[in-house]
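K.L.:
Pasted the sequence and its predicted model underneath.
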Amino acid sequence: MNRHVKCKTRKLHPKRLPNVQKDPVGVYLRVRPLSTEDEECCIEVISSTTAQLHPPEGFKVNRNGEYKEMQYSFKKVFGVSVSQMELFEHVAKPLVDDLIHGKNGLLFTYGVTGSGKTFTMTGCPGQGGLLPRSLDMIFNSIGPYQAKRYVFKTDDKNCMDLQCEVDALLERQRRDNNISVPKAPSTRPRIDPEIGDMINSEETCKAEVVDEDSSYSVFISYIEVYNNYIYDLLEETQEDTVKPKPPQSKVLREDQNRTMYVAGCMEVEVKSAEEAFQVFWRGQKKRKVANTRLNRESSRSHSVFIIKLAQVPLDADGDNILQDKNQVSVSQLCLVDLAGSE
């Protein structure tokens, strides 16, 4: 797993852009427990930052027939007994805190298929991974300070705009009127886990400091990368049950700030961790369907879950947001589940 960490930066050349800081990638190691008792463990945790590899029995490395044991250093090494909560505290929580304070972040899991990448990122009921815990922390922190839905508006050029609360209300009413009448509730049991299933109530957390004089909104996007093609896992398309079509690839572009983004990618505004987690599972289902139609294995594709946080200051009275798009600050956290490295 990788994440950015804070560090001191060297003095910039006068011709370069000022106040530009680049953080190195912090590399963490998580040792997965053995699947069966008869499996041989080849990894030994030497210290909190060092792990040693032992060749398996009968494996010779050099011509002399001697074993060659290697030691590797990491920012932190987590043994087999580490909990999902402890892992989040060290690896993802600082990134979520940075996100809330306007800084971008990237975290990705890397390893062979079956090494525990998806469990670490997503988890399971009772053992939520980095993704649901990140969502939980974000909304625990900004919950009381969220803007009304549709006050912030995204565009197709990776920018964020504002509209007054009256226009936002009209848009909410218009969209509500366009929603079809839901079908009668099914008696089938619920299949998708909810975020409440993933995280115990005593494990929730929030940022220690939040700017209470700002208003916030969260947008979610979810893409998949396979063979250099990019697919939007949240794109709403008309399904043809007779001749289903494979998903269409998206294009990677550069915005006015020279930031790369996926053009035409759906960004869903969410107002709770529960809603955000439902959006995530919607993308997961589409990913499985796409893998079937394209005859590919999900372990050979990368998934990128993007959490974008928009914030804008309130006016002097603290009642309304400043209607100035130049005052809008946007930060994002990308959570990446990479394909198997084998």
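P.N.:
Ah, there it is. Numbers count the residues shown, from 1 in each chain.

K.L.:
only C-alpha atoms for contact and neighbour calcs from this point on.
P.N.:
Noted.

K.L.:
longest helix anywhere in this protein?
P.N.:
For the chain, the helix with the greatest residue count under DSSP state H is helix 273-293.

K.L.:
Output that helix as PDB, restricted to C-alpha atoms.
P.N.:
Below are the C-alpha coordinates for helix 273-293, written out as PDB (Å, rounded to 0.1, in the frame of the first residue of the first chain):
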ATOM      1  CA  ALA A 273     -21.300   7.800   4.100                       C
ATOM      2  CA  GLU A 274     -24.200   5.400   3.600                       C
ATOM      3  CA  GLU A 275     -25.100   7.000   0.200                       C
ATOM      4  CA  ALA A 276     -21.500   7.100  -0.900                       C
ATOM      5  CA  PHE A 277     -21.000   3.400   0.000                       C
ATOM      6  CA  GLN A 278     -24.200   2.500  -2.000                       C
ATOM      7  CA  VAL A 279     -22.700   4.400  -5.000                       C
ATOM      8  CA  PHE A 280     -19.500   2.300  -4.600                       C
ATOM      9  CA  TRP A 281     -21.500  -1.000  -4.700                       C
ATOM     10  CA  ARG A 282     -23.400   0.200  -7.700                       C
ATOM     11  CA  GLY A 283     -20.000   0.600  -9.500                       C
ATOM     12  CA  GLN A 284     -18.900  -2.800  -8.200                       C
ATOM     13  CA  LYS A 285     -21.900  -4.500  -9.800                       C
ATOM     14  CA  LYS A 286     -21.300  -2.800 -13.100                       C
ATOM     15  CA  ARG A 287     -17.700  -3.900 -13.000                       C
ATOM     16  CA  LYS A 288     -18.700  -7.500 -12.600                       C
ATOM     17  CA  VAL A 289     -21.100  -7.200 -15.600                       C
ATOM     18  CA  ALA A 290     -18.500  -5.500 -17.700                       C
ATOM     19  CA  ASN A 291     -16.000  -8.200 -16.900                       C
ATOM     20  CA  THR A 292     -18.400 -10.800 -18.100                       C
ATOM     21  CA  ARG A 293     -19.300  -9.000 -21.400                       C
END
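
K.L.:
A helix includes residue 96, no?
P.N.:
Yes. Counting by DSSP: H, G, I helix; E, B strand; the rest coil, residue 96 is found in a helix.

K.L.:
ok, how many other residues are close to the residue nearest to it when sequence neighbours are not counted?
P.N.:
The spatially closest residue to residue 96, leaving aside those adjacent along the chain, is residue 134, at 6.4 Å (CA to CA, 6 or more residues apart in numbering). When neighbours are defined as other CA atoms under 10 Å, residue 134 has 25 of them.

K.L.:
Tell me if residue 134 really is in a helix.
P.N.:
Yes. The assignment for residue 134 is a helix, going by three-state DSSP.

K.L.:
ok so, going back, what packs against the longest helix of the chain?
P.N.:
When contacts are defined as 3 or more CA pairs under 8 Å, 6 or more residues apart in numbering; DSSP states H and E, helix 273-293 sits against helix 130-142, helix 195-198, strand 214-226.

K.L.:
Quick check: which ranges of the stretch 151-300 of the chain have low pLDDT?
P.N.:
Where the stretch 151-300 of the chain drops to pLDDT under 70, the residues are 179-191, 238-244, 288-299.

K.L.:
Tell me what residue 215 is bridged to.
P.N.:
Residue 215 has these beta-bridge partners by DSSP bridges: residue 312.

K.L.:
Tally up the residues packed near it, please.
P.N.:
If you count neighbours by other CA under 10 Å, residue 215 ends up with 25.

K.L.:
That one against residue 315, yeah?
P.N.:
No. Residue 215 sits out of contact with residue 315 when judged by CA atoms under 8 Å, with a separation of 10.4 Å.

K.L.:
Would you quantify the distance from residue 305 to residue 148?
P.N.:
When distance is defined by CA to CA, to the nearest Å, residue 305 is 23 Å away from residue 148.

K.L.:
In terms of neighbours, single out the busier of those two.
P.N.:
Set side by side, residue 305 and residue 148 show unequal neighbour counts under other CA under 10 Å, the larger going to residue 305 at 19 against 16.

K.L.:
I'd like to check the angle between the strand or helix carrying the more buried one and helix 273-293, please.
P.N.:
With the criterion set as DSSP states H and E, the secondary-structure element containing residue 305 is strand 302-313. Relative orientation of strand 302-313 versus helix 273-293 (axes from the mean of the first three to the mean of the last three CA atoms, to 10 degrees): 150 degrees.

K.L.:
Measure how buried residue 259 is and give me the count.
P.N.:
Once other CA under 10 Å is used to define contacts, residue 259 is seen to have 9 neighbours.

K.L.:
likewise the one 3 residues further on?
P.N.:
Other residues near residue 262 number 20, with proximity taken as other CA under 10 Å.

K.L.:
Using the three-state scheme, assign it.
P.N.:
In three-state terms, and counting by three-state DSSP, residue 262 is strand.
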